[in-house]
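Visitor: what's the 3D shape of this:
(chains A, B, C and D)
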Amino acid sequence: MNLLEVDEVTKAYGGIQALAGCSMTFEEGKINGLIGPNGSGKTTLFNVMTGYERADSGSVHVAGTDVTAASPDQVFSLGVGRTFQLTRIFPRLTVVENLHVASQRDGGWMSEFSRWSSPSEKVRSKEVLDFVGLTRLAAEKAGNLSYGQQKLLEFACIMIARPKAMLLDEPAGGVNPSLLLHLGGRIKALNEEEGTTFVIVEHDMEFVMGLCDKVSVMHQGRCLCAGEPETVRSDPAVLEAYLGTDMREVAR
Amino acid sequence: MTTLHAGTAPAELLRPVEAERAFRDPFEPSKRSRATAWVALFALLAAFPIVFSNPAVTSIGVFTMMFLVAAIGWNIFSGYSGYVSIGHAVYYGFGQYAVALLIEHWHVTPGASELAIIPLGGIVAAAVAVPVGLILLRVRKHTFIVLTIAAMFIFQLLAFNFAGFTGGSAGTNVVSPPWTGTVFNLPFYYIGLGAAILALLVSWGIRRSKYGLGLLAIRDDEDRAKGLGIRVTRAKLIAYVASAFFVGIAGGLYATFVGAVYPQFAFDPTYDLAIAVMVFVGGLGTLPGPVLGALVLAPIQQYFYIQFGASTLYLIIYGILFIVILLTLPAGVVPSISDRYRSWMASRQRRREEATPTVGGAMPVTVPAGPVGIDDGGAR
Amino acid sequence: MKVRQRVERAIAPPVKRRWASVAGASLLTVSLLAAGGGASLAGASTKSAKGLSGEVKVGASVSLSGDFSATGVTTKQGYQAWADWQNAHGGILGKKVHMTFLSDGSSPTQVVTNYQKLITINHVTFVVGPYSTLLTKPSSVIANRYHKAMVEGIGGGPSVFAQGLTNVFDVSAAALAQMVSFAKWIPTAYKPQKVAFAAITTPFSDPMVTQVRKILKSKGFTVTTIDIYPLETTDFSPIAATIENSGAKIIVLGTQPPDGYALIQAFAQAHYTVTAIIEASGPDQGSSFVQAVGQTNTTGVMWPATWYPGAPGYAAKTLVSIMTKQFHIKKTTISANVAEAFSAGQVLAEAVNHIKTTTNKKLISYMHSKNAKFKSVQGNVCFTKLGMNPCAQPYVFQWQHGSQVAVLPATKPGVVKIMNPKPKWGTGTAG
Amino acid sequence: MLILQGIIDGILIGGLYALMGAGLTLVFGVMEIINFAQGILVILGAFLSYSLVRATHIDPFVTILITIPAMFLLGYGVYYLLIARLKRDRVIMSLLVMFAVAQVIEGVLDIAYGGTLVQIHASYVDTSLRFGSINIPLVYLYAFILSAVLMGCIYVILYKTKFGRALRATTQNPAAAQLVGIDVHRVSAATLGIGVGLAAAGGMLYGMTASFNPASSYDLISRLLVIVILGGFGSVGGAMAAAIIMVVIEDVVAVTWSPVWGQTMFYLVLVAVLLFRQQGIFGKQIARAQ
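Guide: Sure, this is the predicted structure:
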């Protein structure tokens, strides 16, 4: 079943057509890769899917619900969380506090006004911190963390809400190889154990191809092709699209 | 509960106690000592007008309480959400006018029954804050600052314009309770103190709730907070209305205490700057910050008038003092002191650890990593 | 610009709660402040208690900064001049008068604290009023609470009397009375015609103009335009334009100095000819007014006031000489506020010297009594039940050939003939 | 006719507000600083010109040759002394710092000049041009012309000089500007200098058209802020257009209805516009999210 469906979405900024009738589906329980040259509209697609920007036309569905005009918090409450290309955490909150921001909407409406540091909440956040390996820094201000740690924290922030789907925007960008390995492991583990669906925008081809069950390629605001990593890799249209950028990267 | 393969400890072993321990800040004073400090502070404040019973001193005390309530209230919205309002005088004004006009229209007998109207000032202010907040909170931080000033001027001008209702420039009177000078200030002082305690409890409740965390998240990155499921407009509005309520109470207190309500002093353009200065000096977005700021600066300001008021020297002194504090303690006195204390404690602990080289220390180490964190240890 | 130490943070995780240390610190500060503030305030009290015996202390809060700073300063001078004059003339009950001033920064909040301090810490025997109706209102409430008489000269807005307090005594003419002689004169000099009104929203100017409107309306004059503008107004050209457009030749303005200057200037610039113009305040500011609107534009402009530097009131000459010698102020620029404050002092001293006791309660009841009549630099003073001065007959003044002269009421001594109609703008002479 | 007079007055006075607002918006654009002291700086400029005119009897318009450089240095100094030291929450911290600066200046002016209302004088202060029933005070006209000239200078500086390029680069992205070798601190300091210098010129003109004292600044700053917001923060042209439009609206409402509603309208227009366009009338669309 398709968890996320994007249908004929267009989005323009002034004269630049970031999305030009983009249609795409992401299957539930799969790790989906989304690649494409710079400026092909990947981040814009994320923005449109998660409610940060409104599509000019077309529609977006999450598990059958139309979210084309939804706000980010509504999309999130449907179980779709995302990270950003440039990490966005709450620098003046501690690591633990960062985590609990996302667990706001658990429980009834009054739960919002309950203590965030209740014992059960803390058990949950410790689980998550242990999972990404940040427990040691729990009481640290998030702004003091290194970039890679912040990436992990951003990941953990979404994870704590047990989303159905996680949209990761360049999780590997600026992260050292060993940490990247760690991150890949976590994604895999989460996917296997909790059945979380992933959509990963990434330029690191090795990372994408090694991790993803399915890869979609974007070019000039459209979906060029989609399929198993192997098929995509050998698709001539993809090679064509990447021509002039870095062919070896793709073909490797 | 889901079973996750945690980095080190198996999930079965996780117990609340352990989680609690993992997150504890070794330098954090215990709950009991914090509670004691607060109780002691308020006991002191409660005893103040009895010890220093001179009416001039208690009069400063009453105005300080008004600022205290307003500063704590203001901080609930502006401190936590990062949306700095310099137009909360709108609610100060509505509190004043609501109380003054209600007393007039209901023909309340001068005396204790007038004091019973004060909470209505807060309620009216909160009610006004809902539509005003819905309009103002559509814009982001920089614009918001200016928009709040504009809103304040609009209401000030309206108070002038609708003279039939508000008394226009002549203002509105509240007949003072017929108490003698020696005791007159005390009821106002204690109502103010009570309201301040209530405000503080609300502020504390918000700070420790998930909701409060959401506000702090909005302060740091509103869009991101939205993406993590926080209904930002609703969250901001609730805080805005709560803070308007307390500022309205301060206004109601003012109306009954001073007895004269004028448009330009009810909707006073410099009121919020005074409050903002107090909160910033104390520590924006912290629980004790506004308390400290108001308790120190409000009396100082009145005292300066009396002491240096013969010329505008007091303006210069106040201005320079404020600049110095902002530049040397940019986060405010409370966070700066606490940071210094913390780093001092840390260095002390480090020295102790160097003396007795044991692994572990006060914190359970779950990740065998250096001080910089797992960037280096991520490859486990 | 210092770079913060990162490493230290990693070792010592700073967590949000810093309550204890801070609560401790604030506790300390508060107690220090309480002790310090209390002590210093109390210190003032012991000092003052020790003060020279044989002094009568009179306290006032004056606005030395803020919106009323200009007029607050002259108010203080007036009180000071009175104390000097009174001391040279036997003081109060043979004791020297000692003025105690506190500054209120034009804020009603501060005025409330100040009068409490004056009464309970400085232990003043009498209080006199602050500047403006705005501040007189809350301060008279405080005085009433301590059963003190509030003798004042610069707070005659109707709202002061609307409080129903029995301890307020305004020695100057009330706002409503200020322009009455002008309003009565107009129908004798002009046929019913259009009259333009404008007033700033203050509790003093606004009622003043309203009263004139009532009187003129009853005599068949028509009101063409009423502009009420807020205190914040900085651009007065629309008001001037509206009045010019109305074509009215008689203009009644409830102004304060800045708009008083600006409107005259605007009319002069537009060469808008009027036959009679009166402003509540502005022309009374002496040389500031001349400077602002230009010498040749002053001629013919009228304003109501209870005093002018050449007025024949009680001790008027001494007041002028004190102001010129001691405060180095030119005779022509002495503000009416000085006289208003001076009068308050005079009336207070006369009353106390008459009852021969410093008890405020007796003072209040004496000042209310029917036969209590006083003379002041501004003329005769007596009081109604609410403390208004019905004996006052405010003058209307006019700039004539570069000097200020009294023109109304015509029956008063020293009054000269009114210049009517007012000459065209810019044609006045320096005289 | 009355409306026409209102419109003409609005345009002329709007030009003056545009000049004072230009300093504010420029400073905001470059370093995101709401210069809350702009109001009192205008008054300071007015007092400086007033003193110079009284002391030397030169034409007020000549005084700005002295006051603009002097106030430029003041702004330059304030930047290095105060603003450059602010590290966090710069927007609001600088607002508070500038508020404190405003208090200090107000205190100094109060001690130096007292609270008396004064006005700058020139021989042509009473003269005006007349076209039928329309009346244009010469002072307003001169003020408008000088405002236009100075705004022209600002335009030239912004778009035709190397400094202007650096300044615009800093406006758009301080970090990137720093990377390409622009001394952001120096640009910022110079910008604050220019902003304060414009306050000097605006002050001279304001001092000729209205009487002022140290307490006059509060009314000024709130109106300037409204203008700058409507014009779109950082947009000089926007501030100019907004100033003129706002003052025209205010004056027309004032002459046709009442001055109190004129002023109320001034602020209501801001709220109304911002409900529909958060970036002000002329502000650019807020940059897209990442």
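Visitor: Tell me, how many residues neighbour residue B:317?
Guide: 17 (other Cβ atoms under 10 Å in any protein chain shown). In short, each C-beta sits where N, CA and C put it, glycine included.
Visitor: ok, then the element right after the helix or strand hosting it?
Guide: Taking DSSP states H and E as the definition, residue B:317 sits inside helix B:313-328. Next helix or strand after helix B:313-328 toward the C-terminus (DSSP H and E): helix B:333-355.
Visitor: hmm, that next one in reach of chain D?
Guide: No: for helix B:333-355, no contact with chain D is found by Cβ under 8 Å from any Cβ of the partner chain; the gap never falls below 10.6 Å.
Visitor: For the residue in chain D that chain B sits nearest to, which non-adjacent residue is closest in space?
Guide: When scored by Cβ to the nearest Cβ, chain D has residue D:107 as its residue closest to chain B, at 3.3 Å. Distances taken as Cβ to Cβ, 6 or more residues apart in numbering or on different chains place residue B:315 nearest to residue D:107, at 3.3 Å, with adjacent residues excluded.
Visitor: give me every residue that touches that neighbour.
Guide: C:65, D:103, D:104, D:106, D:107, D:110 (Cβ atoms under 8 Å, 6 or more residues apart in numbering or on different chains).
Visitor: who's in contact with residue C:66?
Guide: Counted by Cβ under 8 Å, 6+ apart, residue C:66 has contacts C:72, C:104, C:105, C:106, C:107, D:215.
Visitor: now those residues as JSON lines including pLDDT and secondary structure?
Guide: Shown next, in JSON lines, are the contacts of residue C:66 (pLDDT from 0 to 100; DSSP: H, G, I helix; E, B strand; the rest coil):
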{"residue": "C:72", "pLDDT": "83", "secondary structure": "helix"}
{"residue": "C:104", "pLDDT": "86", "secondary structure": "coil"}
{"residue": "C:105", "pLDDT": "80", "secondary structure": "coil"}
{"residue": "C:106", "pLDDT": "82", "secondary structure": "coil"}
{"residue": "C:107", "pLDDT": "85", "secondary structure": "coil"}
{"residue": "D:215", "pLDDT": "76", "secondary structure": "helix"}
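Visitor: Considering only those, which also neighbour chain B?
Guide: C:104, C:105, C:107.
Visitor: got a winner among those residues for most neighbours?
Guide: Neighbour max across the ones next to chain B among the contacts of residue C:66 (other Cβ under 10 Å) = residue C:104, 30 neighbours.
Visitor: picking that back up, ok, and for the helix holding residue B:317, which residues are buried?
Guide: B:313-319, B:321-323, B:325-327 (16 or more other Cβ atoms under 10 Å in any protein chain shown).
Visitor: Show me where the stretch 1-150 of chain A has its strands.
Guide: A:2-13, A:16-27, A:31-35, A:57-62, A:65-66, A:80-82 (DSSP state E, counting those that start in this stretch).
Visitor: right, and those - which one's nearest chain B?
Guide: strand A:80-82 (6.2 Å).
Visitor: Could you list every helix and strand in contact with that closest one?
Guide: helix A:42-49, helix A:147-159, strand A:165-169 (3 or more Cβ pairs under 8 Å, 6 or more residues apart in numbering or on different chains; DSSP states H and E).
Visitor: Compare the ones you listed and give me the one nearest chain D.
Guide: With Cβ to the nearest Cβ, the closest approach to chain D among the helices and strands packed on strand A:80-82 belongs to helix A:42-49: 6.0 Å.
Visitor: That closest one and chain B in contact?
Guide: No: Helix A:42-49 does not reach chain B (Cβ under 8 Å from any Cβ); its nearest approach is 10.0 Å.
Visitor: before we move on, what about stretch D:258-273?
Guide: Yes: among the residues of stretch D:258-273, D:260, D:261, D:263, D:264, D:267, D:268, D:270, D:271 lie within reach of chain B under Cβ under 8 Å from any Cβ.
Visitor: How about that stretch and chain C, touching?
Guide: Yes: residues of stretch D:258-273 contacting chain C under Cβ under 8 Å from any Cβ: D:258, D:259, D:260, D:262, D:263.
Visitor: what about the second one, distance to residue D:15?
Guide: Okay, so that is residue D:259. Distance check for residue D:259 against residue D:15: by Cβ to Cβ, to the nearest Å, it reads 20 Å.
Visitor: Residue D:130 now?
Guide: Distance, residue D:130 to residue D:15, by Cβ to Cβ: 20 Å.
Visitor: who has more neighbours, those two?
Guide: Legend: neighbour count by other Cβ under 10 Å for residue D:130 and residue D:15, higher for residue D:15 (23 against 11).
Visitor: if we can go back for a sec, would JSON lines of the helices and strands packed on strand A:80-82 with mean neighbour count and distance to chain D be doable?
Guide: Output for those, formatted as JSON lines (neighbours: other Cβ atoms under 10 Å in any protein chain shown; distance: least, Cβ to the nearest Cβ, whole Å):
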{"stretch": "helix A:42-49", "mean neighbour count": "26", "distance to chain D": "6"}
{"stretch": "helix A:147-159", "mean neighbour count": "24", "distance to chain D": "13"}
{"stretch": "strand A:165-169", "mean neighbour count": "25", "distance to chain D": "8"}
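Visitor: Not counting sequence-adjacent ones, nearest residue to residue C:310?
Guide: In space, residue C:310 is closest to residue C:414, 7.0 Å off (Cβ to Cβ, 6+ apart).
Visitor: And for the one you found, the neighbour number?
Guide: Residue C:414 has 12 nearby residues by other Cβ under 10 Å.
Visitor: pretty sure it is touching residue C:312, no?
Guide: Yes: counting by Cβ atoms under 8 Å, residue C:312 is a contact partner of residue C:414 at 5.0 Å.
Visitor: Export the buried residues of helix B:313-328 as JSON lines, with columns for pLDDT.
Guide: As requested, those are exported to JSON lines (pLDDT from 0 to 100):
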{"residue": "B:313", "pLDDT": "73"}
{"residue": "B:314", "pLDDT": "71"}
{"residue": "B:315", "pLDDT": "75"}
{"residue": "B:316", "pLDDT": "83"}
{"residue": "B:317", "pLDDT": "80"}
{"residue": "B:318", "pLDDT": "77"}
{"residue": "B:319", "pLDDT": "84"}
{"residue": "B:321", "pLDDT": "81"}
{"residue": "B:322", "pLDDT": "81"}
{"residue": "B:323", "pLDDT": "86"}
{"residue": "B:325", "pLDDT": "82"}
{"residue": "B:326", "pLDDT": "81"}
{"residue": "B:327", "pLDDT": "84"}
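Visitor: With respect to chain A, which of the residues you listed is nearest?
Guide: residue B:326 (18.0 Å).
Visitor: Spit out the contact partners of the nearest residue to that closest one once chain neighbours are set aside.
Guide: Among residues not flanking residue B:326 along the chain, residue D:97 sits closest, at 5.5 Å (Cβ to Cβ, 6+ apart). Residues in contact with residue D:97 (Cβ under 8 Å, 6+ apart) are B:323, B:326, B:327, D:82, D:83, D:86.
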